[in-house]
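Novice: Compute the structure for the input listed below.
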Amino acid sequence: MEIEIRFTSEPIVIPPVAWPSREIGAVLEFQGLVRELEHGSAVPGLFYEAYEPMARKILHAHLAELGALHPIAAVLFIHRLGWVPVGEASLFIRVLSAHRGEALDYLAASVNRLKQDVPIWKRAAPPAG
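Specialist: This next block holds a predicted model:
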């Protein structure tokens, strides 16, 4: 299974699909967008921070573990850091699999795992200065 993890301070640009095999039957893509309301209050965007070395390590472990439970061919994970305005993507995940069921299960589980213990934080205000 191929795992690619990227962090960027720029708007997420969705790359073309790289086909690792002709056996791919499902390509799923998820974008997490910044909403206007955060905990019931209107915000102009969110500021994301990460302890990147640890985030990469934990994410890689989670994504590999999930691949053993839900076999897939490849996953591309991109998370934006810094200020992300409302309506823009803070997260992009692409899953390639032979079958849609495994891809759907893997995608759902990967988003849930991300929110559990990966050191990526968000706040409604950009840093002062």
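Novice: Show me what the helix or strand of the chain with the lowest mean pLDDT pairs with in its sheet, parallel or antiparallel.
Specialist: Ranked by mean pLDDT, DSSP states H and E, the weakest helix or strand in the chain is strand 37-38, scoring a mean of 84. As defined by DSSP bridges, the strand partners of strand 37-38 come to strand 41-42 (antiparallel).
Novice: before we move on, back to that, please work out which residues outside the least confident helix or strand of the chain touch it.
Specialist: For strand 37-38, contacts defined as C-beta atoms under 8 Å, 6 or more residues apart in numbering pick out Val43, Leu46, Ala124. All C-beta spots, glycine's among them, are computed from the backbone N, C-alpha and C.
Novice: among these, who's most crowded?
Specialist: Neighbour counts for these (other C-beta atoms under 10 Å) peak at Leu46, which has 22 neighbours.
Novice: Can you name every helix or strand that the helix or strand containing it contacts?
Specialist: Per DSSP states H and E: Leu46 is located in strand 45-50. Secondary-structure packing of strand 45-50 (3 or more C-beta pairs under 8 Å, 6 or more residues apart in numbering; DSSP states H and E): strand 74-80, strand 82-85, strand 120-123.
Novice: for the next helix or strand along the chain from the second one, what is the average pLDDT?
Specialist: Of the helices and strands lying after strand 82-85 in sequence (DSSP H and E), the nearest is strand 89-97. The predicted model gives strand 89-97 an average pLDDT of 98.
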